[in-house]
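Engineer: kindly return the folded structure for what I paste below:
(chains A and B)
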Amino acid sequence: MPSNNTSHRDYLSAFEEFLQTGENSKLASFLQGSHPESFLSVYRNGFIRASISALECNFPTLVTLWGEEYFSQIAAAYVNAAPPASATLIGYGFENNPDAPSLSFIEFLQGNAADLIKQYPYVPDICRLDQAWLQALNANGQDFLSLEKVQELIAQGEDLGELPITLNDSAHIVTLEFDLFELWGQLRFGELPDDQAIQLNAHNNAVIFWQREMQVQAKPLSDIEWIFMQNLRQSASMDVASNAALAVDEDFDISTLFAELLNAHLLK
Amino acid sequence: MMTHLAQFDAKQLTLSGAGINLKPQHYEAALSLADKGTHNEATSGLWFEVHTENYFVQGGPRLHYLQAIADNFPLSFHGVAGSLGSFTEKPAELTSRHLAQVSGLVKHFNPVLVSEHATWSTSQHAYFADLLPLPRTQQALNCLCEGIERYQEAIGRTILIENPTNYLDFISEMDEADFLMEAVNRTGAGLLIDVNNLYLSYRNTALDPQQYLAALDPAKVGEIHIAGFDADPNFPDDLLIDSHAAPVDEAVWSLLEDVLKILGPKPVLLERDDNVPEFAELMTERNRAYSLLTESDYALQ
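Structural biologist: Coordinates of the predicted model:
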């Protein structure tokens, strides 16, 4: 048993080592009584199980594709490699998440499960779609530019092209390597027949997710729409975004797209 | 650290009755019970508790429904990731971010109660997603008190700290009841007594519940939790797990009656986090707790 001088920090450090590696020799020295050291597994199992459960919530379509048991095996390996770095599990495993570990779930799969990615090359795209859906759901979708506001601005003589207009905070644009959006929707919402073979074309494309009236909306983007929206997000200028789109397609109809975006509550 | 916050005193409690920890699948069912302006027997003494960390979002249906619940029922926040017992002289950055998020939610919703656990869960770089035990040593006690004071300072109010479930014994210099009472006396916090945790600690480590309860100051106890448990699949004959995945066991109901006799009536919350049944089933258990509070002798005290 450790002496009275053994610090609390030593205890926490020993526990952390056990949780991350399963090695309990240091932690066992802090035990007293007759319980077997194997009871310590309750804590490691609890931590890993809770982290896997969070990954199941964050990547539900991948769970459907692989099945719960197989997903759990892969997820457990990820938890050991990259435990949660935030005291909330919302967003655990996501790419570009400041509250998440430096290694995202996609990066882990690409770096540690090469054979798996070879068998399922579209898996990173599925993860990105799941991430975008959840991020749109949990974002602030209430702050949007309404038709009434636009009419008011026009009546005041404002030039919409010069006003700072950008995409709603809930908008997430996902760039994909495969033509996957329809398949993802079928997997996620349970509409894919069990015996249907998955055949996908490698094709760079984009999908936008956003929140409207508390529900997630999603729409594949044409190349022109993608160019327009990326530029709108970066510049907050309708003029800049329109010019970027017109440079690619001089027949691009900004007014029709603007009306669609307005109606969809996609602008703010 | 000296606190300028008022010491927790159960006599000042404005919350009573029995509540349920609310899950997203039950938002609509819970709101359907609200009927402003008319007396509603189904909602008498009903309140709800949520896990604070589940609402670390910027918008969307979760916050929308939480606001609707808060507009109709008393609301309590129960944190699970505060890691009060792992504060060192330099809190981890992830802990500071966490506190900022808790603070924002508490200030916006102003829940009736805010609670956390006398446990730890984060290191400098990782969150271990479980309620990990503290050895009952002076050093651990000092860390716990620092953690409680930082948490209370961040949110601007006192909190309740919950007793842990014990699965095996770690080194200790004092009994758990004394450990917790020392923590609340030093920090001005209150206690949340989880009766299921108490029962499991009794079954797993031979803790004496009666001796434990006798050591507590009822004026420091602000809330009671009840929940269900399961046998550990790896040690089914020797270890009971605080799973929150089953109905409350009859032994826990019996212990709850003892707790209420000793500590007096307190707000009681039913916890169910896994294998979650229909809302009506939870209300049946909740109503049993409410009946214990309102129909028993100690309700008249």
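Engineer: the stretch 101-250 of chain B against chain A: which residues are in contact?
Structural biologist: Residues of the stretch 101-250 of chain B that fall close to chain A, judged by C-beta under 8 Å from any C-beta of the partner chain: B:101, B:120-123, B:125-130, B:132-133, B:135, B:137, B:139-140, B:142-143, B:167-172, B:205, B:232, B:234-235, B:238-239, B:241. Heads up, the C-betas are built off the backbone N, CA and C, glycines and all.
Engineer: need the contact list for residue 197.
Structural biologist: Since no chain was named, I'll use chain A. Going by C-beta atoms under 8 Å, 6 or more residues apart in numbering or on different chains, A:Ala197 touches no other residue.
Engineer: nope, chain B
Structural biologist: Contacts of B:Asn197 (C-beta under 8 Å, 6+ apart): B:Glu162, B:Asn163, B:Pro164, B:Thr165, B:His225, B:Asp242.
Engineer: try B:Gly190
Structural biologist: B:Phe8, B:Asp9, B:Ala10, B:Thr158, B:Ile159, B:Leu160, B:Ile161, B:Val184, B:Lys220, B:Val221, B:Gly222, B:Glu223.
Engineer: 10 Å instead, please
Structural biologist: Shown in contact with B:Gly190 (C-beta atoms under 10 Å, 6 or more residues apart in numbering or on different chains): B:7-10, B:12-13, B:113, B:115, B:158-161, B:184, B:217, B:219-223.
Engineer: residue ranges of the helices in the chain, please?
Structural biologist: Let's take chain A. According to DSSP state H, chain A carries its helices in the segments A:8-21, A:25-28, A:41-58, A:60-66, A:68-81, A:105-112, A:114-119, A:123-137, A:147-155, A:181-188, A:223-235, A:238-248, A:254-263.
Engineer: not what I meant, chain B
Structural biologist: So, for chain B - with DSSP H - the helices run B:27-32, B:61-72, B:93-109, B:138-155, B:176-187, B:195-205, B:209-214, B:250-263, B:279-295.
Engineer: tell me the average confidence for stretch B:29-47?
Structural biologist: Taken as a whole, stretch B:29-47 carries a mean pLDDT of 79.
Engineer: quote the end-to-end distance of that stretch.
Structural biologist: Between the opening and closing residues of stretch B:29-47 lies a distance of 13 Å (C-alpha to C-alpha, to the nearest Å).
Engineer: right, is stretch A:228-235 up against chain B?
Structural biologist: No - applying C-beta under 10 Å from any C-beta of the partner chain, one finds stretch A:228-235 out of contact with chain B, separated by at least 16.8 Å.
Engineer: for that stretch, which positions count as buried?
Structural biologist: Within stretch A:228-235, the residues that qualify as buried are A:Phe228, A:Met229, A:Gln230, A:Asn231, A:Leu232, A:Ser235, counting by 16 or more other C-beta atoms under 10 Å in any protein chain shown.
Engineer: again, but for stretch B:224-241
Structural biologist: Buried residues in stretch B:224-241, defined by neighbour count with 16+ other C-beta under 10 Å: B:Ile224, B:His225, B:Ile226, B:Ala227, B:Gly228, B:Phe229, B:Asp230, B:Asp232, B:Phe235, B:Leu239, B:Leu240, B:Ile241.
Engineer: can you list those residues in TSV and add pLDDT?
Structural biologist: Converted to TSV, these look like this (pLDDT from 0 to 100):
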residue	pLDDT
B:Ile224	98
B:His225	98
B:Ile226	98
B:Ala227	98
B:Gly228	97
B:Phe229	97
B:Asp230	97
B:Asp232	92
B:Phe235	89
B:Leu239	95
B:Leu240	96
B:Ile241	96
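Engineer: could you list every residue that touches A:Ser237?
Structural biologist: By C-beta under 10 Å, 6+ apart, the residues touching A:Ser237 are A:Gly161, A:Glu162, A:Leu163, A:Pro164, A:Ile165, A:Thr166, A:Asn231, A:Asn243, A:Ala244.
Engineer: how about B:Leu144?
Structural biologist: Neighbours of B:Leu144 in contact, by C-beta under 10 Å, 6+ apart: A:8, B:84-87, B:118-120, B:134, B:136, B:161, B:179-180, B:182-183, B:186-187, B:189.
Engineer: leaving out sequence neighbours, find the closest residue to B:Ala280.
Structural biologist: Once flanking residues are discounted, B:Ala280 sits nearest to B:Ala29: 7.6 Å by C-beta to C-beta, 6 or more residues apart in numbering or on different chains.
Engineer: my read: the one you found touches B:Pro277, true?
Structural biologist: No - contact between B:Ala29 and B:Pro277 fails when scored by C-beta atoms under 10 Å: they sit 11.5 Å apart.
Engineer: where are the low-confidence patches of the stretch 51-200 of chain A?
Structural biologist: For the stretch 51-200 of chain A, the stretches flagged by pLDDT under 70 are A:101, A:192-196.
Engineer: actually chain B, not the one I typed
Structural biologist: In chain B, residues with pLDDT under 70: B:1-3, B:35-41, B:87-92, B:296-301.
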